[in-house]
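Chemist: Next one to model:
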Amino acid sequence: MKTQRIVISDGGFRPVLAFDQLVLNADVQATLKEYAAPTPVQAACWPPLLMGRDVVGIAATGSGKTMGFAVPAVQALSPQDAKKKAPSVLVLSPTRELAMQIMVQFEKFKHMRSVCIYGGVAKYDQRQAFRAGVDVVVATPGRMIDLLEEDPALFDLTQISYLVLDEADRMLDCGFEQSLKKILPFLPTQRQTVMFSATWPPAIQKLAETYLKDPVHVQVGSKDLSANAAITQIVEVVQPDDKEGRLLQLLKKYHNGKNRVLVFALYKMEASRVENRLRRANYNVGAIHGNLTQQQRSQALDQFRTGVCPLLVATDVAARGLDIPNVEVVINFTFPLTTEDYCHRIGRTGRAGAKGHAHTLFTHHDKAHSGALINVLREAKQPVPDDLMAFGTTVKKKLDPNYGAFCKDVDMSVKPTKITFGDDDSDA
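Modeler: Numbering: from 1, shown residues only. Next comes the predicted model:
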């Protein structure tokens, strides 16, 4: 196994270096035969997970995190679980595409019933799966809430004993935490909770502790925000109006018509505009973003995976966790909203030990991210261009995930001041 820096908060758990060091059921053993050995995050997380502990697993993209939580989930299923209809495992994912990818991994286990719950498609098949009985549910929060509110008796989550938040930093941010709070009351309080992510900002760490019980923390690699060291990162400072022309130049350099190149845009309209511009330049290009139907998104992703359409324009929906083999180059047409998202984006290349290449177009509109991006480049021992340094090295404070800019750090040890309002006080 490749040498990695692994930190485990509970010294009682040692990483496993081979599958035969674990006592696993026949279904799990058969599935693991296609792999040579545990990846570092699997080696470190499996022992506490198999002992029933809550775990937070932080590791770079492409490190095998899905099997990191799937193997203990399937191992925990008992023969009695096959006789009941209600599921025992719930995996929550921030995007439809990632949910479907997780589902593919669970389907490798033969003697297990699973269903993928996501929006943009009819609910009929999802209802039928629950009626027939299911062991594992992989879901996006929005559709899961819809089904629970429509028919909580059918979509029974009261037997869940193993809850996974994949891409946990995203699941706990402003956009998803309220959804999580709607789902959790349908689950038993006595359960094992597992969180996996590639990035773990301090504000999210505090929030995560409210959902966990005495968790074991596993960190593979640096604890600081970092990108995969196998990825060559180039950051180029350009004028905003020059980006489209520069993108065409980069595609001439990186894309031979057959190799997979992933281009990231920031918003749906921008992705659509870039896609149309590349079509006019005679590129065979697809796109995935929120303005497309689920069928269109799935088709574009499948064609990219299989190489039928090896050039893809995407918004950040594709950055989270998706395992697309042999992506040679990632181009950031527009810098994302956070540096954590930058790490997730470029992590689509350089997966499973392969080398990767990421080229980012950075403008003065992005200068608030310069300090954090410089830190990421330095951590990965990548060159920092002088034009980027000119924007400054200050790292902008991360906003509170619940209250944004309206939250400030307060010293709770300071005694509060009591203010008394007299009868002469008024609203005038």
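Chemist: what residues does the helix or strand harbouring Val74 touch?
Modeler: When elements are defined using DSSP states H and E, Val74 is found to belong to helix 65-76. Counting contacts by Cβ atoms under 8 Å, 6 or more residues apart in numbering, the residues outside helix 65-76 that touch it are 24-25, 27-28, 31-32, 35, 39, 41-42, 45-46, 49-50, 52, 57, 59, 88-89, 91, 101-102, 105-106, 109, 112, 136, 161-162, 164, 166, 192, 194, 196, 198, 321, 323. Glycine gets a C-beta too; all of them are placed from N, C-alpha and C.
Chemist: Show me how to select, in ChimeraX, the buried members of those residues.
Modeler: The buried residues among the contacts of helix 65-76 can be selected in ChimeraX (16 or more other Cβ atoms under 10 Å) with this line:
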select :24,27,28,31,32,39,41,42,45,46,49,50,57,59,88,89,91,101,102,105,106,109,112,136,161,162,164,166,192,194,196,198,321,323
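Chemist: Show me the contacts of helix 65-76 that map onto strands.
Modeler: By the criterion of DSSP state E, membership of the contacts of helix 65-76 in strands covers Gly57, Val89, Val91, Val136, Tyr162, Val164, Asp166, Gln192, Val194, Phe196.
Chemist: so what's the last one bridging to?
Modeler: The residues paired with Phe196 through beta bridges, assigned by DSSP bridges, are Gly57, Asp166.
Chemist: ok, it - contacts?
Modeler: Phe196 makes contact with 41, 56-59, 65, 68-69, 164-168 under the criterion Cβ under 8 Å, 6+ apart.
Chemist: if we go to 7 Å?
Modeler: Gly57, Lys65, Gly68, Phe69, Asp166, Ala168 (Cβ atoms under 7 Å, 6 or more residues apart in numbering).
Chemist: who does the residue nearest to Ile102 when sequence neighbours are not counted bridge with?
Modeler: Closest residue in space to Ile102, ignoring its immediate chain neighbours: Val138 at 4.9 Å, by Cβ to Cβ, 6 or more residues apart in numbering. According to DSSP bridges, the residues that bridge with Val138 are Val91, Cys116.
Chemist: Could you check how far Val138 is from Leu49?
Modeler: As for Val138, its distance to Leu49 is 17 Å (criterion: Cβ to Cβ, to the nearest Å).
Chemist: and the nearest residue to His255 once chain neighbours are set aside, how many neighbours?
Modeler: In space, His255 comes closest to Val261 once its chain neighbours are excluded; the distance is 4.7 Å by Cβ to Cβ, 6+ apart. Number of residues near Val261 (other Cβ atoms under 10 Å) recorded here: 25.
Chemist: Could you list the low-confidence segments of the chain?
Modeler: Per-residue confidence for the chain (pLDDT under 70) gives these ranges: 1-4, 80-82, 174, 222-227, 318-321, 396-428.
Chemist: before we move on, back to that, max pairwise distance over the ones in strands among the contacts of helix 65-76: which two?
Modeler: Largest separation among those by Cβ to Cβ: Gly57 and Val136, giving 18.4 Å.
Chemist: The residue nearest to His255 touches Leu311, doesn't it?
Modeler: Yes. With contact defined as Cβ atoms under 7 Å, Val261 counts as touching Leu311 (5.3 Å).
Chemist: so what sits against both of these two?
Modeler: Common neighbours of Val261 and Leu311, using Cβ under 7 Å, 6+ apart, are His255.
Chemist: List the contacts of the helix or strand Val274 falls within.
Modeler: Assigned by DSSP H and E, Val274 belongs to helix 268-280. For helix 268-280, the surrounding residues in contact (Cβ under 7 Å, 6+ apart) are 244, 263, 265, 285, 287, 289-291, 313-315, 333-334.
Chemist: what does stretch 40-50 give?
Modeler: Applying Cβ under 7 Å, 6+ apart, the set of residues contacting stretch 40-50 from outside is 1, 4, 6, 8, 10, 13-17, 22, 38, 55, 57, 59, 63-65, 67-68, 71-72, 75, 194, 216, 218, 220.
Chemist: What's the PyMOL syntax to select whichever of these are buried?
Modeler: The following PyMOL line selects those of these that are buried, judged by 16+ other Cβ under 10 Å:
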select buried, resi 4+6+8+13+15+16+22+38+55+57+59+63+64+65+67+68+71+72+75+194+216+218+220
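Chemist: thinking again about what came up before, which other helices and strands does the host helix or strand of the residue nearest to His255 contact?
Modeler: Applying DSSP H and E as the criterion places Val261 in strand 260-264. In this structure, strand 260-264 packs against strand 311-314, strand 327-332, with contacts taken as 3 or more Cβ pairs under 7 Å, 6 or more residues apart in numbering; DSSP states H and E.
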